[in-house]
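A.B. asks: let me see the structure of the following:
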Amino acid sequence: MASSETGLKPEPSGRSFFACMRASFCLSPLRRIRRDIFNSVGGRTLPRRPHVDNRKKDTLREHAPRPATARGLRFVAPSVLQAQETCSLRERRRGVKVRTLRQTMAERRRADLRVDPEDRPQRATGGERRGGAQLSRRRWQRRLVRIALLTLPPIGDLTMAARRPSVTVLGADGSVIATYGDLFGEPLRLRDLPAYLPAAVIATEDRRFYHHFGIDPIGLARAAYVNYRAGRIVQGGSTISQQLAKNLFLAPDRTLTRKVQEALLALWLEHKFTKDQLLEIYLNRVYLGAGTYGIDAAAHRYFDKSAREVTLYEAAVIAGLLKAPTRFSPARDSERAAQRAAQVLAIMVGAGYITEAQAAVATRQKFQLAVAARMRPGSRYFADWIYDQSGGYVGGDSAGSDLVVVTTLDPRLQAAAETAIATTLRAGEKADVEQAALVAMSPDGAVRAMVGGRSYGESQFNRSTQALRQPGSAFKPFVYLAALERGIMPSDRFVDQPIRIGNWQPRNYEGTYRGEITLTGVENVIAVAHRLGITSELTRDASLALGTSEVSLLDLTTAYCAFASGGFAALPYGIVEIRDSRGAVLYHRAGDGGSRVVSPELAGTMNDLLSGVLSRGTGRAAALDRPAAGKTGTTQDFHDAWFIGYTADLVAGVWLGNDDNAPMKHVTGGTLPARTWHSFMVAATQGMLAGLLHSIFGGGDSRAPSPRRDILSPRPPPNNW
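C.D. replies: Numbering: from 1, shown residues only. All right, here's what the predicted structure looks like:
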């Protein structure tokens, strides 16, 4: 590395010795070795073996000249190599069978029986055995090198990087939620970087980088000694050139052939590029965790800045990632990353790149790790949902390019949702509650928070969007609305008494009947449910009114948005804008929301009915200090428990249950789900002005009529219902 570019001071070492070695050995290593391989496998310059008449091959095999032993014996069984030499190249190409080692040894034993015991050959002396073993080792070494060269991968343009397109998912505030694919930063030259950044890499990975020819015998010997003293592998001997060869061309197989290929490619790289060029390629291509490749991508990912601007301590953190990118990632474990950075600083002091005073000052900068982008694990459920949709919004020339997706997720609400779910699951252990999910959205369908389960690390299955469960009584608002649209009023009375339809007798989870009550159920509610946002298939039978058809939490929460908005449909969405890596906008959401699906009068009636659930019904545990409404839901034998509720500004749904559909211990929608909803909504609405729900008695936010077509179904006469 030129001092004018980086200010580094290479170690004074035996440069002349290795320079001579490089000049004598590496002027054209691959060309010379490949020529030897060509000669050895049948090239035009291959020396021909002595011709042997095919008719005499058997005689020659049995009576080939044999060397005499120390005792003058004239008969010695031929070795495998001697047997192979009796076959001409033409015979080998025709597939003539060559004597195997087992056949040769058997013949030797038979020959020993025919010779006088006193004239039997003596065993080879120790020197002869050692000489033969060394010859055999040299042959196998040459063969291994030839195999490695013949199986080398194609060496293409080093500027072309085969990688997966990256997708960066941002929250509504611009913070990074998740990244997918391979993230590459801006290719940087050494002169663009602070001197201590490449110095940190050289000090930790290859201190003799500027003094070896691609392979460092001294480094290998030092690593072997250290590993021998430790009794395990604690230090590697690979140079930066070898690591670059492995990263660019080879698979991560831990085989001897791959190590030979790595060494040969390192020699080729050293012959083709200067040391500074090799270091630049390495710094711009090395993997540094969290899907980042190169120091610039890592600096942006962990510190939200360019690699040009990192501090000495941040440079130590990046260099420390090379040993184990996932283990020492500051986004995963900041304490472990800090410990590794301290080790890197100590190594830099020992190598003479910085002073102890500079290391002490840098150590006090470790709190700057707090600026690294940190992603909440629970937000990955939402990010996966967005990632699965993002491909459908772009196409053409943009397909396969890096994307930045701006979403509707509110990190503050997401944190409140994760906290509420975690608290509930801890409290629900005694009640056999193993899983929970929560979705929160604006009345227009913009998803603000999503928790798909207990732990994303344990299970990536999103119970908010993918799970279909019976909603129980949480489905009844659609029954109420269908009845209201057909002239049934809340004041109409019905008798709650046992009824049997065929072999089926419905009942509530309490198993009691209350006599004369108001409306509780009707048929033909499927059209209303689908109109409000339920997308799953609903069964057409009498049990539909009790919520026996399976729905997702996302669909059920979306359907309640029509009540919160005063009668307008909502479509759940999370993508606001998509940009490419250059900042060009590929997609931007536009529109004023859904069309009206419920009349203002009936929307106000539904809000009045559902607000009573919180004030005097089964959802009293969810009551807030502001206007709110909702509905509880409990399925048979306590398999599922729900609470879906809303204010004028936010709609949220909570589900509790078990993946194996095991029953919980008397958990109903009015207990843990209602308390979870209350806990989340208190934190989510903190600082918000209390809005009024649209009511039949007046008040509330009545949105202007939508310019879209009104899709209210005509109300049939009451006697036709």
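
A.B. asks: for A570, what are its contacts?
C.D. replies: Contacts for A570 (CB atoms under 8 Å, 6 or more residues apart in numbering) come out as 441, 443-445, 533, 558, 561-562, 593-594. Heads up, the C-betas are built off the backbone N, CA and C, glycines and all.

A.B. asks: do S695 as well
C.D. replies: Contacts of S695 (CB under 8 Å, 6+ apart): 604, 607-608.

A.B. asks: most surrounded residue in these?
C.D. replies: Within these, most neighbours by other CB atoms under 10 Å means N607, with 26 neighbours.

A.B. asks: now do the SS call for that one.
C.D. replies: Secondary structure state of N607, per DSSP: H, G, I helix; E, B strand; the rest coil, is helix.

A.B. asks: domains for the chain, by residue range?
C.D. replies: The chain resolves into domains spanning 3-10+182-375, 415-716 when parsed by automatic domain parsing.

A.B. asks: would you reformat the ones you listed as a markdown table and include mean pLDDT and distance to V404?
C.D. replies: Shown next, in a markdown table, are those (pLDDT from 0 to 100; distance: least, CB to CB, whole Å):
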| stretch | mean pLDDT | distance to V404 |
| --- | --- | --- |
| domain 3-10+182-375 | 83 | 11 |
| domain 415-716 | 86 | 5 |
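
A.B. asks: nearest to F382, of those?
C.D. replies: domain 415-716 (4.1 Å; CB to CB).

A.B. asks: show only the entries of the contacts of A570 found in helices.
C.D. replies: In helices, defined here by DSSP state H, the members of the contacts of A570 are 558, 561-562.

A.B. asks: can you tell me which of those lies nearest to K476?
C.D. replies: Using CB to CB, the ones in helices among the contacts of A570 come closest to K476 at A562, 14.9 Å.

A.B. asks: can you tell me the closest non-neighbouring residue to the closest one?
C.D. replies: Nearest non-adjacent residue to A562, counting by CB to CB, 6 or more residues apart in numbering: L532, 4.8 Å away.

A.B. asks: wouldn't the one you found be in contact with V597 here?
C.D. replies: Yes. Taking CB atoms under 8 Å as the definition, L532 is a contact partner of V597 at 6.0 Å.

A.B. asks: before we move on, back to that, scan the contacts of A570 and report the most crowded one.
C.D. replies: Neighbour-wise, the contacts of A570 (other CB under 10 Å) top out at M441, 28 neighbours.

A.B. asks: now do the contacts for it.
C.D. replies: 447-448, 557-558, 561, 570, 572, 650-652.

A.B. asks: now do the contacts for the residue nearest to E434 when sequence neighbours are not counted.
C.D. replies: Using CB to CB, 6+ apart and skipping the chain neighbours, the partner closest in space to E434 is N658 (4.9 Å). Contacts for N658 (CB under 8 Å, 6+ apart) come out as 432-435, 639, 664.

A.B. asks: redo the residues you listed as CSV? Include secondary structure and distance to V176.
C.D. replies: Compiled in CSV, the contacts of N658 are given as follows (DSSP: H, G, I helix; E, B strand; the rest coil; distance: CB to CB, whole Å):
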residue, secondary structure, distance to V176
D432, coil, 37
V433, coil, 32
E434, coil, 30
Q435, strand, 27
H639, coil, 38
M664, coil, 37
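
A.B. asks: any of these buried? List them.
C.D. replies: Among the contacts of N658, the ones that count as buried by 16 or more other CB atoms under 10 Å are 433-435, 639, 664.

A.B. asks: let me know the closest of those residues to G214.
C.D. replies: Q435 (54.5 Å).

A.B. asks: tell me the bridge partners for that closest one.
C.D. replies: Per DSSP bridges, the residues bridged to Q435 are G657.

A.B. asks: contact partners for it?
C.D. replies: Contacts of Q435 (CB under 8 Å, 6+ apart): 425, 453-454, 463, 656-659.

A.B. asks: ok, of those, which come out buried?
C.D. replies: Counted by 16+ other CB under 10 Å, those give 425, 453-454, 463, 656-657 as buried.

A.B. asks: can you tell me how far L692 sits from R486?
C.D. replies: 28 Å (CB to CB, to the nearest Å).

A.B. asks: please apply the same query to T424.
C.D. replies: From T424 to R486 the distance is 39 Å (CB to CB).

A.B. asks: of those two, who's got more company?
C.D. replies: T424 (21 against 16).

A.B. asks: OK, contacts around that one?
C.D. replies: 433, 436, 656, 672, 675-676, 679.

A.B. asks: quick one: which of the residues you listed is nearest L279?
C.D. replies: The closest of these, once distances to L279 are taken by CB to CB, is A436, at 50.5 Å.

A.B. asks: isn't the closest one up against S679?
C.D. replies: No. Look at A436 against S679 with CB under 8 Å: they stay out of range, at 12.0 Å.

A.B. asks: those two: who's more crowded?
C.D. replies: Neighbour totals were compared for A436 and S679, and A436 leads with 25 against 19 (other CB under 10 Å).

A.B. asks: please name the residues that touch that one.
C.D. replies: So A436 contacts 421, 424-425, 428, 451, 453-454, 463, 654-657, 676 (CB under 8 Å, 6+ apart).

A.B. asks: let me know the closest of the residues you listed to R308.
C.D. replies: Looking across the contacts of A436 and measuring by CB to CB, the closest to R308 is V451, at 38.4 Å.

A.B. asks: pretty sure that closest one contacts A416?
C.D. replies: No. Look at V451 against A416 with CB under 8 Å: they stay out of range, at 10.1 Å.

A.B. asks: what about those two, which has more around it?
C.D. replies: Neighbours were counted for V451 and for A416 using other CB under 10 Å; V451 has more, 28 against 23.

A.B. asks: next, that one: phi, psi?
C.D. replies: phi -120, psi 120 (degrees, to the nearest 10).

A.B. asks: what residues of stretch 637-653 count as buried?
C.D. replies: Those would be 638-653, for stretch 637-653 by 16+ other CB under 10 Å.

A.B. asks: picking that back up, from the contacts of M441, which land in strands?
C.D. replies: 447-448, 651-652 (DSSP state E).

A.B. asks: name all residues that make contact with the residue nearest to A562.
C.D. replies: So L532 contacts 478, 481, 558-559, 562, 569, 597-598 (CB under 8 Å, 6+ apart).

A.B. asks: most neighbours among these, which one?
C.D. replies: Neighbour-wise, those (other CB under 10 Å) top out at A559, 30 neighbours.

A.B. asks: just to check, it is in contact with I534?
C.D. replies: Yes. Using CB under 8 Å, A559 is in contact with I534, at 5.5 Å.

A.B. asks: name the residues contacting each of the two.
C.D. replies: F478.

A.B. asks: what touches both of L532 and V597?
C.D. replies: 562, 569.

A.B. asks: just the helices in the stretch 601-721 of the chain please.
C.D. replies: Assigned helices in the stretch 601-721 of the chain, in chain order: 672-684 (criterion: DSSP state H, counting those that start in this stretch).

A.B. asks: how far away is the nearest residue to A648 once chain neighbours are set aside from Y381?
C.D. replies: Leaving aside its sequence neighbours, A648 sits nearest to G691 (CB to CB, 6+ apart; 3.0 Å). Using CB to CB, G691 is found at 28 Å from Y381.

A.B. asks: of the two, who's got more company?
C.D. replies: Y381 (26 against 18).

A.B. asks: quick one: classify that one as helix, strand or coil.
C.D. replies: helix.

A.B. asks: just checking, it touches A449?
C.D. replies: No. Shown here, Y381 and A449 do not form a contact pair, counting by CB under 8 Å, at 10.1 Å.

A.B. asks: and the residue nearest to P330 when sequence neighbours are not counted, what does it touch?
C.D. replies: Nearest residue to P330, sequence neighbours excluded (CB to CB, 6+ apart): A337, at 4.0 Å. By CB under 8 Å, 6+ apart, A337 lies in contact with 317, 320, 328-330, 369.

A.B. asks: do the same with R463
C.D. replies: 435-437, 452-453, 553, 655.

A.B. asks: then Q242?
C.D. replies: 214-215, 262-263, 265-266 are the contacts of Q242 under CB under 8 Å, 6+ apart.
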